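A.B. asks: Quick one, fold the following:
(one chain, ligands or ions: 1)
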Amino acid sequence: MGVAVMKLRNPPVNSLSLECLTEFTISLEKLENDKSIRGVILTSECPGIFSAGLDLLEMYGRNPAHYAEYWKNVQELWLRLYTSNMILVSAINGASPAGGCLLALCCDYRVMADNPKYTIGLNESLLGIVAPFWFKDMYVNTIGHREAERALQLGTLFSPAEALKVGVVDEVVPEDQVHSKARSVMTKWLAIPDHSRQLTKNMMRKATADNLIKQREADIQNFTSFISKDSIQKSLHMYLEKLKQKKG
Ligand SMILES: CCCCC/C=C/C(=O)SCCNC(=O)CCNC(=O)[C@H](O)C(C)(C)COP(=O)(O)OP(=O)(O)OC[C@H]1O[C@@H](n2cnc3c(N)ncnc32)[C@H](O)[C@@H]1OP(=O)(O)O
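C.D. replies: Sure thing, here's the model as predicted:
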């Protein structure tokens, strides 16, 4: 039926390293150019983790040129996903913080596994960093200004039930039904003529995408100078240490 399944596979936690981002963008571009493909189901092959988000090791202890290169690729993936002409459905089968949530938010429909251990949300403030304006714009578009403001300030990671209530996801189903539900949702969306659905999607998303496109270079510079600050590097160091300690 012209549907591809993209499975994120970057163990252990599907963090979005530079290499992973680049491969993801290239795969997406290939699918976009393949006229036989009308829809993509985005899911994960890492047990219990959809994606741990941006790779913290790409944003910590590197040089400004690396930060700039990394951020350019984050922007690129986001623009491709958010403005895709294809129908994107996410089958969220695990934890989905920050950049992981961003991937899901780019989709046209989000199905999440009903497992309270899995959480989703833009938790950047908990790391001592700030979600960029285009993450924020997409959050506002999805859950509204008030909920987004609160969730962004608190860095809320929602349980599936909470995520459904606030609108971060569209549906929560038993874990063993996530993929079948995503497929049945896709069937429903495929019944809509592509040209009218695509034009409608473009109408809804264009202003948000253009907002980044018109200031891409400035956004890269802002990111690079922000992430290079000693205080921000210190926050990331502490967060990485906390992740390590959790194990011990
Ligand atoms: C202006 C700045 C804007 C920047 C916008 C930023 C967006 C982002 O996406 S920042 C990343 C936010 N992500 C997180 O906060 C998630 C952090 N990770 C977790 O909460 C957990 O790891 C988990 C729930 C995703 C999985 O838990 P678990 O299965 O228990 O696995 P571990 O915590 O033991 O992690 C294994 C291994 O992976 C490393 N790791 C985890 N997340 C990341 C990451 N995002 N980037 C890089 N590495 C990550 C973790 O440190 C462990 O490493 P080792 O100790 O070396 O095994």
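A.B. asks: For the ligand, tell me whether the helix or strand of the chain at the bottom of the mean pLDDT ranking is touching it.
C.D. replies: Among the helical and strand segments of the chain, the one scoring lowest on mean pLDDT, DSSP states H and E is helix 230-247, with a mean of 94. Yes - judged by C-beta under 6 Å from any ligand atom, helix 230-247 and the ligand are in contact via L240, L243, K244, K246, K247. C-beta here means a position set from N, CA and C on the backbone, and glycine is covered the same way.
A.B. asks: repeat for stretch 107-126
C.D. replies: Yes - on the criterion C-beta under 6 Å from any ligand atom, stretch 107-126 is in touch with the ligand at N123, E124.
A.B. asks: Start and end of that stretch, how far apart?
C.D. replies: One end of stretch 107-126 to the other measures 25 Å (C-alpha to C-alpha, to the nearest Å).
A.B. asks: Same check on stretch 50-64?
C.D. replies: Across stretch 50-64, first to last residue, C-alpha to C-alpha, it's 29 Å.
A.B. asks: swap in stretch 159-176?
C.D. replies: 17 Å.
A.B. asks: And that stretch, how far out from the chain middle?
C.D. replies: Relative to its parent chain, stretch 159-176 has a centroid offset of 16 Å by C-alpha atoms, centre = their mean, to the nearest Å.
A.B. asks: list the buried ones in it?
C.D. replies: Buried residues in stretch 159-176, defined by neighbour count with 16 or more other C-beta atoms under 10 Å: S159, P160, E162, A163, L164, V166, V168, V169, D170, E171, V172, V173.
A.B. asks: Inside helices: which ones of those?
C.D. replies: P160, E162, A163, L164, V166 (DSSP state H).
A.B. asks: coming back round to it: could you save the residues of helix 230-247 next to the ligand as TSV and add columns showing neighbour count?
C.D. replies: Output for those, formatted as TSV (neighbours: other C-beta atoms under 10 Å):
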residue	neighbour count
L240	15
L243	12
K244	9
K246	7
K247	5
